[in-house]
Each structure stands twice: as C-alpha cells, then as structure tokens.
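> sequence first, predicted coordinates after that:
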Protein chains: 2
Amino acid sequence: MREPTVREIFKQELEQVGDGLREMSTLVVDAIESASTALRTADLQLAERVIEADEAIDEIERRLDEQCVSLLARQQPVATDLRVVVTALRLSATLERMGDLARHIAYVARGRYPELAPSVPMRDIFDQMGVAAVKVARQVTELLESRDLAQAAGVERDDDTLDDLHRETFRIMLDADVEMTKQELIDGVLLGRYFERFGDHGVSVARRISFLVTGDLSNSVAFDA
Amino acid sequence: MREPTVREIFKQELEQVGDGLREMSTLVVDAIESASTALRTADLQLAERVIEADEAIDEIERRLDEQCVSLLARQQPVATDLRVVVTALRLSATLERMGDLARHIAYVARGRYPELAPSVPMRDIFDQMGVAAVKVARQVTELLESRDLAQAAGVERDDDTLDDLHRETFRIMLDADVEMTKQELIDGVLLGRYFERFGDHGVSVARRISFLVTGDLSNSVAFDA
C-alpha cells in the first residue's frame, strides 16, 4: 500500500473539518428545536438540557479552530482550499453563536417555569418563530452537506419570515388593547431578538457557503448588518 | 538599495493589517461615543452620522479580510505569525459587530426624536452605560497599539460594570413604583442589550490579544458565552 499524498491528507483533514461543522450544526438543530419546545410547553428539564448541551457545541468550535489553524500551518493551502479553511473558521464561530442564542431562549423558558414564558398574546407568534428558526437550522445543516444553492435561498426566505414575525412582535406588544406585565414585555423583546439574530446567523452561514460555491462575493458582504 | 526580504514584506503587510484594525477601532470609539451622545441629547443629526459612518467600518473589514487571506496565500505563515493573521481576521469581525451595535443604539435615538429615547427613570443608567462602553472601546484601541495586558484587564473591568448596569436596568424596569410606557420598556430592553453586547465583544478582542501576547488559551475560550 502506498503512502497517502499531501493532497490526499489535506482532503481527508478538510473532510474532518466538514464533519465537525455538520456535527455542530446538527447540535444547533437539536438546541433550537428543544429550546422552542421548552418555551412552548414550559418544560424545565428540556430547557436545562439545552443549557448544558451548549458546552458540547463550544467544545467542537474549539476543536475545529485548532484543526483549521493546524491545517493552515502544515498544508499551507492557497486559492480555493485556503478560502474553504478560512470559511470553516467563520462558520464554526457563527454556529457556536447560534447555539448561544438557543441557550438564551432556554434561559427565558427556565426563568419563568412553572409558568409559560410567552404571555398569552405572544404565544402564537413565538411558536411561529420557533418553527421558522428550526427550519433555518435544518436547512443550514443540509446546505453544509449538499452545498445546494436552492437550500441557501430557503434559509434567506425563512430568515425573512423571522424578520416579519419579529416586526409583528412589536406591533402586538405596542397594541394599546393588549395587556402585558412588564416582565412579559421584557421577555417578549428578548425572545424576539434572540430568534431574529438566530435567523441572521443562519443567513450568514448560507451566504458564506454560497460564496464558496459560486465565488461571488457580492452576496456575502455586510450580511449581519 | 537591496530588495526587501520575504520576511520584511510579511512584517510590513502585517503592520498594514494592524493599522487597519486600529483604524476600525478608532471609528468604533467615534461611533459609540456619538451614539451615546445622540441618545443622551436626542441629537438627530449625530444619530444619522453614526448610522452612515458604519459603512466605513464595514468597508475596512472587507479590505482587511482580503488582505489577511492574501497574506495567508502568498506568505504561508506558520506558528505565531499564522496565529496573528487568524486573530486579525477575528478581530475585524468583532470590531465590525461593535460598530453595528453602536448603529443600533443610534437607530433607537433616531426613532424617538425629537423625544429623548431613554425614559426618565432610565436616563442615568444609560448615561453610565454609554460612559462604560466608550471606555471599553478606547481601551480596546489602546490595547491594539500597546498590547499591554493591564489594558486588557481594564476592558474586563468595564465590561463587568456594563453587566452590573445591565442587571440594574431590569431592576428599574421591573420596579412596581416605576411607570414606563410599553415603548419605553421595549427601548430599555433593547438599549441595555446593545450596550451589554458591545462590552462582551470588547472583552472578546481583549482576550484574543492577550492570547497572542501570552499564548495562554484558557483566557480566550467561550468569551462570548
């Protein structure tokens, strides 16, 4: 049996980085799904599981960072290979942040237990935001596998949905006929922001992958404005 | 005159990247200073200047990204040099985000004009958050120049101040004796969150620079949790 070439080793290591990103992304799907369910059902144990599980996502980020820097040092990639490694560094940071946001949603669910955190007028809208956020995370995971640009467009659409729903949260909260306590308003603002940012980060991942596929930078700039 | 060596060119290009980071950081100081003033004085023109000026910060981030990737491709740095370039990529992303947060604060100031955005019970606390956030940004700028770890510790302290003040915003908002409209509560939650995140990002910059100086990773992990 012949020794693997430098190129083959590079490809293999890059594949491991890709596996790590998909692993993170799968954990982010679990996190946002569980956080949304914990929020909808006041499930304390589920909220706590999301909070604890975030450490595993952070751990993969640290491992991927080390792998990418080590790859750059040993393999000295150029051109597309270099862009792939630099993009992987950024994707892991973004996925880590999506995990944080799911954890923040779980904190709100835990903080109001045994009550439901969303007030009655906000329940339907946060259910919808949860559904859209889970769709974002699932499509991001599929996109990491397929690099299919149709999925990137799907992430953008679901993020638009999250943005629309976010605007709607303010309309409901500011409606003079809607009565909410101060705590309910505070939770409403925070939850809306967490879901909205989760969508923004999903779009950031989608655009970076699209850029790798198409080489078109115009899509990838200022995405998290 | 002799040609510069590869090493000299690398040092020179790295110096340019450092200049770019300091340039960004100086613009971030301006942005958070002006945003805080616009918030305190209901200064519409100043708020609009912050919003417009954010484009310049984004532009430097794009330029630095290109420079760093080009540096990696042409110079193929290893060891500390490689870590410096990878860190620069991350610092520019973090500084860009600090600029965004200043812009978000400016949006709130603009949105309430000609009124003052912070409600009467919240004015003092947001003044204090503004002062602490400006200190964070100034120290980050100095730290980029000096790499003096005492300044990194200063950033951590001012971020602690921001966290304390952030907790205090909730105490005030939830005080049954404090009357606030829904819009005032919403603005209070958003502003508190923007300032608090601004501090978190400042700490992220400080820890990454400390890591470069000391090589100690234990300080640099999970900083934006």
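Structure received.

> how about the helices in chain A?
Per DSSP state H, chain A carries helices over the ranges A:6-41, A:44-75, A:79-112, A:120-146, A:149-174, A:182-214.

> list the buried residues for the third one?
Put plainly, it is helix A:79-112. A:81-110, A:112 (16 or more other C-beta atoms under 10 Å in any protein chain shown). In this view, the C-beta of every residue, glycine as well, is placed from N, C-alpha and C.

> return the residues of chain A in contact with chain B.
Residues of chain A lying close to chain B (C-beta under 8 Å from any C-beta of the partner chain) are A:54, A:58, A:62, A:69, A:72-73, A:76, A:78-79, A:82-83, A:86, A:89-90, A:93, A:97, A:100, A:170, A:173-174, A:180, A:182-183, A:185-186, A:189-190, A:193, A:221-222, A:224-225.

> what's the first-to-last distance across stretch A:175-188?
13 Å (C-alpha to C-alpha, to the nearest Å).

> so A:V134 makes contact with A:D30?
No: checked against C-beta atoms under 8 Å, the pair A:V134 and A:D30 is beyond contact range at 9.9 Å.

> out of these two, which sits in the busier spot?
Neighbour count, other C-beta atoms under 10 Å in any protein chain shown: between A:V134 and A:D30, A:V134 has more, with 23 against 19.

> how many other residues sit next to the closest residue to that one other than its chain neighbours?
What sits nearest to A:V134 in space, not counting adjacent residues and going by C-beta to C-beta, 6 or more residues apart in numbering or on different chains, is A:E33, at 5.1 Å. Neighbourhood size, A:E33 [other C-beta under 10 Å]: 19.

> separation between A:E33 and A:T5?
Distance from A:E33 to A:T5, counting by C-beta to C-beta, to the nearest Å: 42 Å.

> and A:L101, by the same measure?
Noted for A:L101: a distance of 41 Å to A:T5, by C-beta to C-beta.

> check A:I186 too.
For A:I186, the distance to A:T5 equals 58 Å [C-beta to C-beta].

> which of the two has more residues huddled nearby?
Neighbours were counted for A:I186 and for A:T5 using other C-beta under 10 Å; A:I186 has more, 21 against 9.

> so what's the nearest residue in space to the more buried one that is not next to it in sequence up against?
Ranked by C-beta to C-beta, 6+ apart and with sequence neighbours excluded, the top spatial neighbour of A:I186 is B:V189, at 5.3 Å. B:V189 makes contacts with A:L185, A:I186, A:V189, A:L190, B:T169, B:M173, as judged by C-beta atoms under 8 Å, 6 or more residues apart in numbering or on different chains.

> burial count for the nearest residue to the fifth one once chain neighbours are set aside?
If I follow you right, that is B:T169. Excluding its sequence neighbours, the residue lying closest to B:T169 (C-beta to C-beta, 6+ apart) is B:G192, at 4.1 Å. Residues lying near B:G192 (other C-beta under 10 Å) number 26.

> contacts only, for B:G192.
B:M129, B:L165, B:H166, B:T169, B:F170.

> next: A:L212.
Applying C-beta under 8 Å, 6+ apart, we find A:L212 in contact with A:T80, A:R83, A:V84, A:T87, A:R147.

> repeat the analysis, applying 6 Å as the threshold.
A:T87 (C-beta atoms under 6 Å, 6 or more residues apart in numbering or on different chains).

> would you quantify the distance from it to A:V28?
A:L212 sits 19 Å away from A:V28, taking C-beta to C-beta as the criterion.

> ok, A:L82 touching B:Q75?
No: with contacts defined as C-beta atoms under 6 Å, A:L82 does not count as touching B:Q75, sitting 11.6 Å away.

> what about the nearest residue to A:R110 once chain neighbours are set aside, how many neighbours?
In space, and not counting its chain neighbours, A:R110 is closest to A:A47: 4.2 Å by C-beta to C-beta, 6+ apart. By other C-beta under 10 Å, 27 other residues sit near A:A47.

> give me the residue ranges of chain A where confidence is low.
Residue ranges of chain A with pLDDT under 70: A:216-225.

> what sits against the residue most central in space within chain A?
The centre of chain A sits closest to A:M98, judged by C-alpha atoms, centre = their mean, with a distance of 3.5 Å. By C-beta under 6 Å, 6+ apart, A:M98 lies in contact with A:V28, A:F198, A:H201.

> who wins for neighbours among those residues?
Within those, A:V28 tops the neighbour count with 32 neighbours, counted by other C-beta under 10 Å.

> how close does it get to chain B?
For A:V28, the distance to chain B (C-beta to the nearest C-beta, to the nearest Å) stands at 15 Å.

> that residue contacts A:D100, doesn't it?
No: under the criterion of C-beta under 6 Å, A:V28 makes no contact with A:D100, lying 9.9 Å away.

> from A:E96, how far off is A:A56?
The spacing between A:A56 and A:E96, counted by C-beta to C-beta, is 11 Å.

> verify the contact between A:V155 and A:A206 for me.
Yes: assessed by C-beta under 6 Å, A:V155 is found in contact with A:A206 at 3.9 Å.
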